[in-house]
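Undergrad: make a model of this:
(2 chains)
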There are 2 protein chains.
Amino acid sequence: MISIREKIAQQIIGIDQALMQKAGARLDSLTKPKGSLGRLEELAKQVVGITGRETPSLKHKVIFTLAGDHGVTDEGISAYPQEVTPQMVYNFLNGGAGINVLARHAGCRVVVADVGIARDLDPHPGLVIKKINYGTKNIAKGPAMAPEEAEAVIRAGIEIFEEEYRKGIDIIGTGDMGIGNTTASSAITACFTGKAVETVTGRGTGIDDRLFSRKIDVIKQALRINKPDPADPLSVLAKVGGFEIGGLSGIILAAGARKVPVVIDGFISGAAALVAFHIQPLIRDYLIASHRSVEQGHRIILEHIGLKPVLELDLRLGEGTGAALGINVVDAAVKIMNEMATFSQAHVSKEIG
Amino acid sequence: MISIREKIAQQIIGIDQALMQKAGARLDSLTKPKGSLGRLEELAKQVVGITGRETPSLKHKVIFTLAGDHGVTDEGISAYPQEVTPQMVYNFLNGGAGINVLARHAGCRVVVADVGIARDLDPHPGLVIKKINYGTKNIAKGPAMAPEEAEAVIRAGIEIFEEEYRKGIDIIGTGDMGIGNTTASSAITACFTGKAVETVTGRGTGIDDRLFSRKIDVIKQALRINKPDPADPLSVLAKVGGFEIGGLSGIILAAGARKVPVVIDGFISGAAALVAFHIQPLIRDYLIASHRSVEQGHRIILEHIGLKPVLELDLRLGEGTGAALGINVVDAAVKIMNEMATFSQAHVSKEIG
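TA: Presented below is the predicted three-dimensional model:
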């Protein structure tokens, strides 16, 4: 029987190149030298190609911030204790976190979901609960999750997207919360890109030289013990991934199937995009990289998928903060295309010659 | 007698380092790993230091878009005819230009001023008229303007700022319109930075190889004939500058004197900032570079003053379009500082160790 993941992946098709050309002609008719709004013009064209709409409207902007815990925190390589994951989720629900501020700024609503936090959270009307398990297992000792859990968390991501899609979605951003998740993301990145662990590992939320060296050893051990196979993306997720990462992969694929642009955040969202990209390479054209994170593995991911970041703000917070700012720029790009006057409307002379 | 320009330059003082430190401590108390919002945190601190307010509010955001013409268009090195300057000013006043769209997006009002357009414009309630002359003279043949005109246009900029300041200003962006003004900006940049003309000259709104080569020759000739002295910024403006450039220099200095952050746009605004910086180097700390333009001279200007651009979007439109997007990011940065919960407010555990 075909899985929901496989069904969704099959629904993703190439974006509309002919309509993008038409958008290019429209952009060239606006009162500015051709191409002078640079990447804003590229982004506007991409949104046209993705949505299949000549004048797309980005009214409903949604950030999905998924939370899960990581058994690898047992290795003592994180700057913060595991209880910070649920504490920060409460902070998201109360509107006090970085993502809340930046989502308000960009006019986005934030959907917070527990897909694998190590404890049960108090119920809250704003909290989506699709918990697959109470955190992953320690990847330094064995697989993060069972194969059926990897399948289930991707399905959970698809369901989270679909429930929200019914309320209206024009563009999404991805975000994460999970102490220990840069470790899992580095392992995923090393596996899919073939780069050395040292090249794809950073200091996460801020660890010293000793812990950083230990973190690299732990990731190497996780890859050695689990032997994830890059040709089998689900197994990579199961062996060295995380629940919030897999959930985001599901959201990304579901958005692609619905022709919704996906603005990815930093390193963890990048790892989720990597999994989605290896499930269905066509997803690439639906992705917009909001920024380049301080985490060095993020650059490797963007190059591997073939994405150019919109912002360079030295961010390394996660939560979807960079995605919110990225959505704001995409919003500006689409307004340029929709709202600017043409040369003939404004009676402005065109180029000489 | 001391000129208004000298008086304003004297009023510019160093920004408040002690308060910036306090802002840094406040940022470190917020629910995020220290420094994890990168440049957003730096920008928030800078705004605190400039304004002298612990929780600055950026309610009144204003883009000043100044227009002037350039006699050097006689040399036939621009992609657009001179009549595009007034045509685009009408476009600004009618709300159809790129700057209008992006200013609306960022919640800015746009102040459009004629400081030197080659013809008289129809009156419009939104148009500030402080015309110094009907365009500059051809710098390939002699000075752009008389010394007293350079002084007058800086004074005009100060007056334009002051009139608007009375209505409320918390942050400004600079913008320009003037066919031929990349030529003047390259000449100014070459003069102040000592770089070769080839290094600081780009293709403006889009000229071919032949015109590009001719443009470089014209700039070299302008510098040879006029011999602007970088030690005398007013003479540089008079000899190879432009009215909109000088007006923006005045606006920048006036903003500094009023402790208002200045978000500079691309190459032409950069040339105006260069003039202001050479009049009063303390202005540097009041400046925020919104983006790095495609025009290669812009990078040289930013390095010379010591500014790091916030965005890299391959823009080359001018008008203040990059500044509007930059203001939007600064706005986000200030909201982070003002609105995020602290660790103790949100009951989130701090770093281990």
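
Undergrad: just give the nearest non-adjacent residue to the residue of the stretch 151-300 of chain A found nearest chain B, would you?
TA: Closest to chain B within the stretch 151-300 of chain A is residue A:205: 3.8 Å, counting by C-beta to the nearest C-beta. (Glycine included, C-beta is placed from N, CA and C.) Nearest non-adjacent residue to residue A:205, counting by C-beta to C-beta, 6 or more residues apart in numbering or on different chains: residue B:33, 3.8 Å away.

Undergrad: that neighbour: what secondary structure?
TA: Three-state call for residue B:33 (DSSP: H, G, I helix; E, B strand; the rest coil): coil.

Undergrad: that one: neighbour count?
TA: A count of nearby residues for residue B:33, using other C-beta atoms under 10 Å in any protein chain shown, gives 19.

Undergrad: that one reaches residue A:79, doesn't it?
TA: Yes: using C-beta atoms under 8 Å, residue B:33 makes contact with residue A:79 at a distance of 6.6 Å.

Undergrad: got any residues that touch both of those two?
TA: Counting by C-beta atoms under 8 Å, 6 or more residues apart in numbering or on different chains, the contacts common to residue B:33 and residue A:79 are A:205, A:206, B:351.

Undergrad: hang on, residue A:167 packs against residue A:60?
TA: Yes: using C-beta under 8 Å, residue A:167 is in contact with residue A:60, at 7.4 Å.

Undergrad: more neighbours, these two?
TA: residue A:60 (17 against 10).

Undergrad: that one: what's it in contact with?
TA: Residue A:60 sits next to A:109, A:167, A:168, A:169, A:170, A:171 when contact means C-beta under 8 Å, 6+ apart.

Undergrad: can you pull up the residues of the stretch 151-300 of chain A that come close to chain B?
TA: Within reach of chain B by C-beta under 8 Å from any C-beta of the partner chain, the stretch 151-300 of chain A has these residues: A:205, A:206, A:294.

Undergrad: where do the strands of chain A begin and end?
TA: Assigned by DSSP state E, the strands in chain A fall at A:61-68, A:108-116, A:127-129, A:171-177, A:262-264, A:287-289.

Undergrad: including mean neighbour count and distance to residue B:303, could those strands go into a markdown table?
TA: Below are the strands of chain A laid out as a markdown table (neighbours: other C-beta atoms under 10 Å in any protein chain shown; distance: least, C-beta to C-beta, whole Å):
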| stretch | mean neighbour count | distance to residue B:303 |
| --- | --- | --- |
| strand A:61-68 | 29 | 36 |
| strand A:108-116 | 25 | 35 |
| strand A:127-129 | 16 | 48 |
| strand A:171-177 | 31 | 33 |
| strand A:262-264 | 30 | 31 |
| strand A:287-289 | 26 | 26 |
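
Undergrad: and those strands as JSON lines, adding distance to residue B:175?
TA: JSON lines is the format used below for the strands of chain A (distance: least, C-beta to C-beta, whole Å):
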{"stretch": "strand A:61-68", "distance to residue B:175": "27"}
{"stretch": "strand A:108-116", "distance to residue B:175": "28"}
{"stretch": "strand A:127-129", "distance to residue B:175": "44"}
{"stretch": "strand A:171-177", "distance to residue B:175": "28"}
{"stretch": "strand A:262-264", "distance to residue B:175": "27"}
{"stretch": "strand A:287-289", "distance to residue B:175": "27"}
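
Undergrad: quick one on the thing from earlier: identify the farthest-apart pair in the contacts of residue A:60.
TA: For the contacts of residue A:60, the maximum inter-member distance is 13.8 Å, found between A:167 and A:171 (C-beta to C-beta).

Undergrad: quick one on the thing from earlier: mean pLDDT added to the strands of chain A, as CSV?
TA: Shown next, in CSV, are those (pLDDT from 0 to 100):
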stretch, mean pLDDT
strand A:61-68, 98
strand A:108-116, 98
strand A:127-129, 98
strand A:171-177, 98
strand A:262-264, 98
strand A:287-289, 98
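
Undergrad: quick one, domains of chain A?
TA: By the assignment in automatic domain parsing, chain A contains the domains A:4-56+A:337-346, A:61-331.

Undergrad: thinking again about what came up before, identify the residues contacting the residue of the stretch 151-300 of chain A closest to chain B.
TA: Residue A:205 sits next to A:78, A:79, A:80, A:179, A:182, A:316, B:33, B:36, B:351 when contact means C-beta under 8 Å, 6+ apart.

Undergrad: quick one: buried ones out of those residues?
TA: Applying 16 or more other C-beta atoms under 10 Å in any protein chain shown to the contacts of residue A:205, the neighbour count classes A:78, A:79, A:80, A:179, A:182, A:316, B:33, B:36 as buried.

Undergrad: and the first one, its phi and psi?
TA: Residue A:78 has phi and psi values of phi -110, psi 150 when expressed as degrees, to the nearest 10.

Undergrad: so it makes contact with residue A:179?
TA: Yes: look at residue A:78 against residue A:179 with C-beta under 8 Å: they come within range, at 5.2 Å.

Undergrad: interface residues of the stretch 1-150 of chain A facing chain B?
TA: Residues of the stretch 1-150 of chain A lying near chain B by C-beta under 8 Å from any C-beta: A:30-40, A:78-81, A:83-84, A:87-88, A:90-91, A:94, A:96-98, A:100-102, A:104-106.

Undergrad: do a quick rundown of the helices in chain A.
TA: With helices called from DSSP state H, chain A shows them at A:4-11, A:17-28, A:38-51, A:84-93, A:98-106, A:147-165, A:181-193, A:209-226, A:233-240, A:243-257, A:267-279, A:296-305, A:321-339, A:343-346.

Undergrad: fine by me, thanks again.
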